[in-house]
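Engineer: Provided below are the primary sequence and the corresponding predicted coordinates.
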Amino acid sequence: MNLVERYIEAVKFWLPKDIRDDVAAELADDIRSEIEEAERVKGRKLTDDEVAAILKARGRPMLVASRYLPRRWLIGPELFPLYVLVLKIVALVSLIPVAVLFVSAVGAHQNIGDASLDLWGQSWNNLWSAFAVVTVIFAVIERQGMNPASLDKWNPKTLRPVADRSRIPRSTSIGDIIGNLILLALFAAGYLSHNVYTSPLGHLTLSPVWVPFCQISVAIGIVEIALSASNLFTPYWTLARIFARALIDLGKTGAFTWLISTNMVREVSVAGLPVPPAGSLSSASVILMQHASAIAGLLVIVIAAHLIWRVFHLKPARMAVAT
Amino acid sequence: MYHTVYVKQGKTVPDQELQAIFENLRLELRRGSLILAVLAALRREQYGYTLRKTLQEHGMAIDEGTLYPLLRRLEMQGLLVSEWREEDKRNKRFYRLSQAGAEVFARLVAEWRGIGDAIEQIKEAGHESR
């Protein structure tokens, strides 16, 4: 019987004081009844191994005790989907400044290894701290019974409309076409074929790269018009269109980076204005030049993220069913 | 009018997986019925171990880890009453249905029969529409 007493004591350890003795007495009686019946059938006393087998079949003491306790959770099933959503948002928000800092560090020609290690350690700490804070807040909400998910005050009419993520908004395609047509018109009118602009309003000298930049932009613009026209008539993303879009965006990024890396604004003056305000535009151009690679890196990350997002939200083969 | 549907075609469920799914659903189905069985059995006073044996003999086996917490819960809800008494030189806790428990039991049995009838009717309707 020693084993049974040890088992009962172990179960009692996990039980709250107010039900401990009561539950233990009933459990002890049940186990002893089972042992007595087994002994009656076998016609002899059970061995320690046989008693141990009976106890093992009943389960670990902690598990047995847990069945007498009310079900508790840190964050309940009603609140859990919201908790996961907030964690995802927090993770994303924590990563954005890290990505920006990393690109800036690389752009400033810091050692990539050192920059990565520093940012990795910092972002890891930030992420865990943010997760801990969110978890504590949700645990408090759960504990206090302030469960927003269980509130009855909601209106089905305020639910947001169903978004077809693989659909390309027609407004986007039309906007792209109009923008590129304006670019083509300016190019055809000869406004983009020189890098020095003089008028009664002032004087502007751009980098010599400006002219080839405009030519490349016009070439990309023609391709973009073709893609946008196609998107306008069949407004759904396909794998080919997603990659075409990414290539166009990468082309624009490459051309823009080339332009700003050559100090885009060389000389600027505005009639009637003193030098500093006009000069500040030139200074901004120098800052852009210094951070050209960081800006390019950031844009490439955004394009890649957009591409991945679109590929993952691409619907499988569509099947239309008449209703 | 058209809408989009996604079809998961030709998924064959292995026998072992099917058995596990069935076992889970069977347990879920029995969980609610167990309360009815316990209430039915406790129209006659019994202590835990004999109750377990009674249920087992009638094909409603229930493990002690489920039975005793259930008995405590039903007692706290006022559907059962219990009393510690000595029998065979040992203290045992005897349970029986309370007045409220008898009323709830009668209503649950009616509900249970209603569910059975409804399922039969739905089955028949499904059979006829084929």
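Structural biologist: The structure has been received and is ready for your questions. Everything numeric in this text was worked out from a predicted model, so none of it was measured. Numbers count the residues shown, from 1 in each chain, chains lettered A, B, ... in the order given.
Engineer: what about whichever residue of chain A sits closest to chain B, neighbour count?
Structural biologist: Closest residue of chain A to chain B, C-beta to the nearest C-beta: residue A:33 (3.9 Å). In this view, the C-beta of every residue, glycine as well, is placed from N, C-alpha and C. Per other C-beta atoms under 10 Å in any protein chain shown, the neighbour tally for residue A:33 reads 19.
Engineer: the stretch 1-150 of chain A against chain B: which residues are in contact?
Structural biologist: Within reach of chain B by C-beta under 8 Å from any C-beta of the partner chain, the stretch 1-150 of chain A has these residues: A:19, A:23, A:25-27, A:29-30, A:32-34, A:58-59, A:63-64, A:67-68.
Engineer: only whichever of those are buried, select them in PyMOL.
Structural biologist: Entered in PyMOL, the line below selects the buried ones among the residues of the stretch 1-150 of chain A next to chain B, by 16 or more other C-beta atoms under 10 Å in any protein chain shown:
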select buried, chain A and resi 23+25+26+27+29+30+33+34+58+59+64+67+68
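Engineer: tell me the two of the residues of the stretch 1-150 of chain A next to chain B that are most distant?
Structural biologist: A:19 and A:34 (21.6 Å; C-beta to C-beta).
Engineer: show me where chain B has helices.
Structural biologist: Secondary structure of chain B (DSSP state H): helices located at B:15-41, B:48-57, B:64-76, B:99-128.
Engineer: ok, and for the second one, which residues are buried?
Structural biologist: Spelled out, it's helix B:48-57. Using 16+ other C-beta under 10 Å as the test for burial, helix B:48-57 gives B:48-52, B:54-55.
Engineer: could you do the longest one as well?
Structural biologist: For helix B:99-128, burial by neighbour count (16+ other C-beta under 10 Å) applies to B:101, B:104-105, B:108.
Engineer: so which of those residues is the closest to chain A?
Structural biologist: residue B:101 (18.9 Å).
Engineer: low-confidence stretches in chain B?
Structural biologist: Filtered on pLDDT under 70, chain B yields the residue ranges B:1-11, B:129-130.
Engineer: need the buried residues of helix B:48-57 in CSV (columns: distance to chain A).
Structural biologist: Below are the buried residues of helix B:48-57 laid out as CSV (distance: C-beta to the nearest C-beta, whole Å):
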residue, distance to chain A
B:48, 5
B:49, 4
B:50, 8
B:51, 10
B:52, 8
B:54, 13
B:55, 14
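Engineer: before we move on, the earlier item: does the residue of chain A closest to chain B lie in a helix or a strand, and which?
Structural biologist: Assigned by DSSP states H and E, residue A:33 falls within helix A:17-42.
Engineer: by contact count, what packs against the helix or strand just after that helix?
Structural biologist: Next along the chain after helix A:17-42, taking DSSP H and E as the criterion, comes helix A:48-58. Packed against helix A:48-58, as judged by 3 or more C-beta pairs under 8 Å, 6 or more residues apart in numbering or on different chains; DSSP states H and E, are the following elements: helix A:2-13, helix A:17-42.
Engineer: so which bits of the longest helix belonging to chain A are buried?
Structural biologist: In chain A, ranked by residue count with DSSP H as the criterion, the top helix is helix A:112-144. Neighbour counts over helix A:112-144 (16+ other C-beta under 10 Å) mark A:115, A:119, A:123, A:126-127, A:130, A:134, A:138, A:141-142 as buried.
Engineer: on the C-terminal side of it, identify the next helix or strand.
Structural biologist: Using DSSP H and E, the first helix or strand after helix A:112-144 is helix A:170-188.
Engineer: buried residues in that following helix, which are they?
Structural biologist: Going by 16+ other C-beta under 10 Å, helix A:170-188 has these buried residues: A:173, A:176-177, A:180, A:183-184, A:187.
Engineer: ok, the residue nearest to residue A:186 when sequence neighbours are not counted - contacts?
Structural biologist: With sequence-adjacent residues excluded and distances taken as C-beta to C-beta, 6 or more residues apart in numbering or on different chains, residue A:186 is closest to residue A:192, at 5.5 Å. Going by C-beta atoms under 8 Å, 6 or more residues apart in numbering or on different chains, residue A:192 touches A:183, A:186, A:210-211, A:214-215, A:218.
Engineer: looks to me like residue A:192 is in a helix.
Structural biologist: No - counting by DSSP: H, G, I helix; E, B strand; the rest coil, residue A:192 falls outside a helix, being coil.
Engineer: can you redo the helices and strands packed on helix A:48-58 as a markdown table with mean pLDDT and distance to residue A:238?
Structural biologist: Output for the helices and strands packed on helix A:48-58, formatted as a markdown table (pLDDT from 0 to 100; distance: least, C-beta to C-beta, whole Å):
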| stretch | mean pLDDT | distance to residue A:238 |
| --- | --- | --- |
| helix A:2-13 | 94 | 62 |
| helix A:17-42 | 92 | 64 |
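Engineer: of those, which is nearest residue A:311?
Structural biologist: helix A:2-13 (53.9 Å).
Engineer: so what's the backbone phi/psi at the nearest residue to residue B:34 once chain neighbours are set aside?
Structural biologist: In space, not counting the residues next to it along the chain, residue B:34 is nearest to residue B:62; the distance is 5.8 Å by C-beta to C-beta, 6+ apart. Residue B:62 adopts backbone torsions of phi -140, psi 130, taken as degrees, to the nearest 10.
Engineer: what of residue A:269?
Structural biologist: phi -150, psi 140.
Engineer: can you give me the neighbour number for it?
Structural biologist: Residue A:269, neighbours per other C-beta under 10 Å, totals 17.
Engineer: please name the bridge partners of it.
Structural biologist: residue A:203 (DSSP bridges).
Engineer: phi first, then psi, for residue A:235.
Structural biologist: With angles defined as degrees, to the nearest 10, residue A:235 sits at phi -80, psi 60.
Engineer: need the contact list for residue A:223.
Structural biologist: Contacts of residue A:223 by C-beta under 8 Å, 6+ apart are residue A:248.
Engineer: let me know the pLDDT of it.
Structural biologist: Note on residue A:223: pLDDT of 95.
Engineer: and whatever helix or strand it lives in, how far out from the chain's middle?
Structural biologist: Per DSSP H and E, residue A:223 falls inside helix A:210-233. Offset of helix A:210-233 from its chain centre (C-alpha atoms, centre = their mean, to the nearest Å): 31 Å.
Engineer: and for the helix or strand following that helix, what's in contact with it?
Structural biologist: For helix A:210-233, the succeeding helix or strand toward the C-terminus, using DSSP H and E, is helix A:239-260. For helix A:239-260, the external contacting residues (C-beta under 8 Å, 6+ apart) are A:168, A:207, A:209-210, A:213, A:216-217, A:220, A:223-224, A:227, A:230-231, A:285, A:288-289, A:292-293, A:295-296, A:299-300, A:303-304, A:306-307, A:310-311, A:314.
Engineer: cool, thanks, signing off.
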